[in-house]
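Trainee: Kindly return the folded structure for what I paste below:
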Amino acid sequence: MAIQTQGCKLNQADSDQLARHFTEAGFALVDLAGGADVIVVNTCTVTAAADAKARQALRAARRANPNALVVATGCYAQRAAKELELLEGVDLVTSMDQVSENGNLDDTPLTVITAGRSELPPFIDRDLGEQLTGSWLESQRELVRLSSAGVHVIAEESGHCIQCDQPVLVADVIRRMVEAVRR
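Mentor: Reported below is the predicted structural model:
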């Protein structure tokens, strides 16, 4: 997997966090020219020139790795998801625009991983804790229903930090998602 970051320090921080999560899940980070299976371009949209650089980076990623899954994310992907979806060589655009505009993700592959263990602070009484947990589970189910291809995975042995408690589960879900998007 390779991650290319454009723009501000916030994008760099987001990419660093993404890299940590993927390496903890068992993915190896490689250089863009290193034959990555997945390439994430974290885009910027502060100017028209930034948009052009993002499109150029996405096309270059495809040329350098024709068999890779090319993912656009970041500010430009958020602002102009539909535009990037039409860009040749982009396999996936991660943006909430589709959800807010359409109210659904159609048949976009989606997996929601939910912690199986509740880890509420001790100062929350039991009844309130059960209500909060029930509301949380329902919100997770609602997310799954956004896509006709939605899958809900319960990480039975995990609390809040699923990628810390069950990194193999997270890696398996990511691999299945990559396979689904490639189909």
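Trainee: alpha carbons only for contacts and neighbour counts from here, please
Mentor: Fine.
Trainee: Quick check: the gap between P121 and G129.
Mentor: To G129, P121 is 9 Å away according to C-alpha to C-alpha, to the nearest Å.
Trainee: From the neighbour counts alone, determine which of the two ranks first.
Mentor: Using other C-alpha atoms under 10 Å as the criterion, P121 and G129 rank with G129 on top: 17 against 8.
Trainee: which element is that one on?
Mentor: Assigned by DSSP states H and E, G129 belongs to helix 126-144.
Trainee: What is that helix packed up against?
Mentor: Applying 3 or more C-alpha pairs under 8 Å, 6 or more residues apart in numbering; DSSP states H and E, one finds that helix 126-144 contacts strand 110-115, strand 150-155.
Trainee: and that helix with strand 150-155, angle?
Mentor: Helix 126-144 runs at 140 degrees relative to strand 150-155, counting by axes from the mean of the first three to the mean of the last three C-alpha atoms, to 10 degrees.
Trainee: Report the mean confidence score over helix 126-144.
Mentor: Taken as a whole, helix 126-144 carries a mean pLDDT of 79.
Trainee: Please identify the buried residues of it?
Mentor: G129, T133, L137, Q140, R141, L143, V144 (16 or more other C-alpha atoms under 10 Å).
Trainee: now stretch 61-71
Mentor: Buried residues in stretch 61-71, counted by 16+ other C-alpha under 10 Å: A61, R62, N65, A68, L69, V70, V71.
Trainee: I'd like those written out as JSON lines, with distance to D165 and secondary structure added.
Mentor: Compiled in JSON lines, the buried residues of stretch 61-71 are given as follows (distance: C-alpha to C-alpha, whole Å; DSSP: H, G, I helix; E, B strand; the rest coil):
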{"residue": "A61", "distance to D165": "33", "secondary structure": "helix"}
{"residue": "R62", "distance to D165": "34", "secondary structure": "helix"}
{"residue": "N65", "distance to D165": "32", "secondary structure": "coil"}
{"residue": "A68", "distance to D165": "29", "secondary structure": "coil"}
{"residue": "L69", "distance to D165": "27", "secondary structure": "strand"}
{"residue": "V70", "distance to D165": "28", "secondary structure": "strand"}
{"residue": "V71", "distance to D165": "26", "secondary structure": "strand"}
